[in-house]
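Undergrad: Let me see the structure of the following:
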Amino acid sequence: MKKNRILSMILILVMAVSFVGCSTTDQEVKGENNPGVGQETKQDPNKQGNENNPYPEYVLEVTDETVTFMSSEGEITVTKKPKKVAILMNSYLDLWYMAGGEAIARIDGTSNIPDAAMDIVQLGKMNAISVEQLVALEPDLVIMSTSISSQMDMIPILKDNGIEYMPMSGNIAPYQAFQKNLYLFTQILDRQDIFYNEVAKITAEVDQIRNKVKDADKPTAVILFASTSKVQAELANSLTGEMADLLGVVNIVPEVPIDGTNKIDFSMEKLVEADPDYVLITTMGDVDKCKERIEQDVISNDAWASLTAVQEGRVYYLPKELFMYRPNADYPKAFTELGKIVYPEVFAGE
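TA: Here you go, the predicted model:
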């Protein structure tokens with residue numbers, strides 16, 4: 001690839017500090033323990049309660065009737081086996097169904113929607129929920145996202161109407177969060193068997209993919225996040241950043257000392273200094289308009305053409321369904337697709 005790898009790595013270490021300017025912060029669970037990725041889960045799936053709990057600092061207590069977990073709002077207790085559930089983030093909707101649950105309402109959209117949930121009530125966009133419609137449904141439980149302030153603003157209304165709610169976090173280290181949240185959901189639904197069976201299969205497949213590249217030369221990459229309004233650089237704890245990190249890819253902005261941050265402002269100067277092997281681009285919103293933003297903010301800069309990744313054709317737009325929306329059960333597919341891009345010699349012929 002590039003011969004001067006040592007100089008490149010020195011530049012990356014310098015950039016870990018100098019890249020930091022303004023940042024994008026998502027609310028996350030405070031003080032919770034993040035067990036290692038692919039943590040051993042070979043406990044007895046028929047047991048319940050804390051003695052068999054792989055995430056004791058997240059799922060705090062399980063009784064015959066309730067489950068208590070630690071959220072960004074503090075300890076939350078919900079009743080097991082709710083009958084009427086509204087879910088205000090489709091990645092959690094997908095995970096809830098994966099855990100054996102069903103829902104009566106969701107937000108608009110077609111991604112991360114299980115077939116069985118296609119025709120349930122739609123409550124509007126994720127940041128513009130019809131609160132009146134939601135309350136009128138008289139749900140037993142509302143599952144919401146801590147990263148969307150308008151959803152968090154509903155909490156007093158839900159409390160006033162005696163509706164249980166779950167503020168969920170998953171934007172930081174999403175692969176780990178996927179495992180923890182699936183465990184939480186299966187505890188609420190009394191389907192521990194699903195957790196131990198499904199997580200074991202998914203993590204085993206991911207580990208096989210990771211093992212394929214463990215002896216390969218580790219490439220460097222920048223992961224650009226493009227919306228219709230801005231371009232940022234993703235960190236190693238974002239959705240794509242975490243998967244790249246687990247595959248051994250060296251992110252040119254691996255971490256910053258700001259809790260809850262998974263993106264920082266983009267700098268062409270620092271990008272040119274590091275000259276990564278790959279440029280990976282994720283998009284949120286209309287893809288064509290996101291590409292226009294990339295063209296305007298990035299490609300139009302004369303320095304763009306000097307990048308090795310550009311000159312050697314290693315710039316990739318990543319598919320939303322795997323790298324913007326949480327892939328959940330499709331994590332092995334996402335890891336494979338990323339592996340094919342950054343380790344083409346390892347995955348040749350697949």
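Undergrad: element containing the nearest residue to Ala226 once chain neighbours are set aside, please.
TA: Leaving aside its chain neighbours, Ala226 sits nearest to Cys290 (4.3 Å; criterion: CB to CB, 6 or more residues apart in numbering). Bear in mind the C-beta positions are built from the backbone N, C-alpha and C, glycine included. Following DSSP states H and E, one finds Cys290 within helix 287-294.
Undergrad: mind exporting the helix or strand following that helix as PDB, just the C-alpha atoms?
TA: Per DSSP H and E, the first helix or strand lying C-terminal to helix 287-294 is helix 308-311. What follows is helix 308-311, C-alpha atoms only, in PDB (Å, rounded to 0.1, in the frame of the first residue of the first chain):
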ATOM      1  CA  THR A 308      -3.800   8.300  -2.300                       C
ATOM      2  CA  ALA A 309      -7.300   6.800  -1.700                       C
ATOM      3  CA  VAL A 310      -8.700   9.100  -4.400                       C
ATOM      4  CA  GLN A 311      -5.900   8.400  -6.900                       C
END
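Undergrad: Only the buried residues of helix 308-311, if you could.
TA: For helix 308-311, the neighbour count (16 or more other CB atoms under 10 Å) marks 308-309 as buried.
Undergrad: mind saving the C-alpha coords of stretch 99-118 as PDB?
TA: What follows is stretch 99-118, C-alpha atoms only, in PDB (Å, rounded to 0.1, in the frame of the first residue of the first chain):
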ATOM      1  CA  ALA A  99     -36.400 -10.600  21.000                       C
ATOM      2  CA  GLY A 100     -39.900 -12.200  20.500                       C
ATOM      3  CA  GLY A 101     -42.000  -9.100  21.000                       C
ATOM      4  CA  GLU A 102     -44.700  -7.300  19.000                       C
ATOM      5  CA  ALA A 103     -45.800  -3.700  18.800                       C
ATOM      6  CA  ILE A 104     -49.000  -1.700  18.100                       C
ATOM      7  CA  ALA A 105     -47.300   1.500  16.800                       C
ATOM      8  CA  ARG A 106     -44.000   2.700  15.300                       C
ATOM      9  CA  ILE A 107     -42.600   5.700  13.500                       C
ATOM     10  CA  ASP A 108     -42.700   6.300   9.700                       C
ATOM     11  CA  GLY A 109     -40.100   4.700   7.500                       C
ATOM     12  CA  THR A 110     -39.300   1.400   5.700                       C
ATOM     13  CA  SER A 111     -35.900   0.600   7.000                       C
ATOM     14  CA  ASN A 112     -35.400  -1.700  10.000                       C
ATOM     15  CA  ILE A 113     -39.100  -2.700   9.800                       C
ATOM     16  CA  PRO A 114     -39.900  -6.400  10.400                       C
ATOM     17  CA  ASP A 115     -42.500  -7.700   8.000                       C
ATOM     18  CA  ALA A 116     -45.000  -8.300  10.800                       C
ATOM     19  CA  ALA A 117     -44.800  -4.600  11.800                       C
ATOM     20  CA  MET A 118     -45.300  -3.000   8.300                       C
END
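Undergrad: Rounded mean pLDDT for it, please.
TA: Averaging pLDDT along stretch 99-118 yields 94.
Undergrad: So which bits of the top helix by length along the chain are buried?
TA: Criterion DSSP state H: the longest helix present in the chain is helix 192-213. Within helix 192-213, the residues that qualify as buried are 192, 194-196, 198-199, 202-203, 206, 209-210, 212-213, counting by 16+ other CB under 10 Å.
Undergrad: Which one of these is nearest to Asn52?
TA: Using CB to CB, Gln192 is the member of those that sits closest to Asn52, with 8.0 Å.
Undergrad: Any figure for the gap between the closest one and Met89?
TA: Look at Gln192 and Met89: by CB to CB, to the nearest Å, they are 23 Å apart.
Undergrad: where does Thr282 fall, phi/psi-wise?
TA: When read as degrees, to the nearest 10, the backbone of Thr282 gives phi -110, psi 150.
Undergrad: that older thread, what's the spacing between the residue nearest to Ala226 and Lys320?
TA: For Cys290, the distance to Lys320 - CB to CB - is 10 Å.
Undergrad: now swap in Thr336 and tell me
TA: Noted for Thr336: a distance of 17 Å to Lys320, by CB to CB.
Undergrad: out of the two, which sits in the busier spot?
TA: More neighbours surround Thr336 than the other of Thr336 and Lys320, with 18 against 15 (other CB atoms under 10 Å).
Undergrad: For the more buried one, give me its contacts.
TA: Residues near Thr336 by CB atoms under 8 Å, 6 or more residues apart in numbering: 209, 347, 350.
Undergrad: quick check, nearest of those residues to Asp217?
TA: Set against Asp217, the nearest of these by CB to CB is Phe347 (14.2 Å).
Undergrad: for the closest one, phi and psi?
TA: The phi/psi pair for Phe347 (degrees, to the nearest 10) is phi -100, psi 10.
Undergrad: I'd say it and Glu337 touch.
TA: No. With contact defined as CB atoms under 8 Å, Phe347 and Glu337 do not form a contacting pair (9.5 Å).
Undergrad: quick one on the thing from earlier: with distance to Thr63 as extra columns, can I get the contacts of Thr336 in JSON lines?
TA: Shown next, in JSON lines, are these (distance: CB to CB, whole Å):
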{"residue": "Ile209", "distance to Thr63": "38"}
{"residue": "Phe347", "distance to Thr63": "47"}
{"residue": "Glu350", "distance to Thr63": "47"}
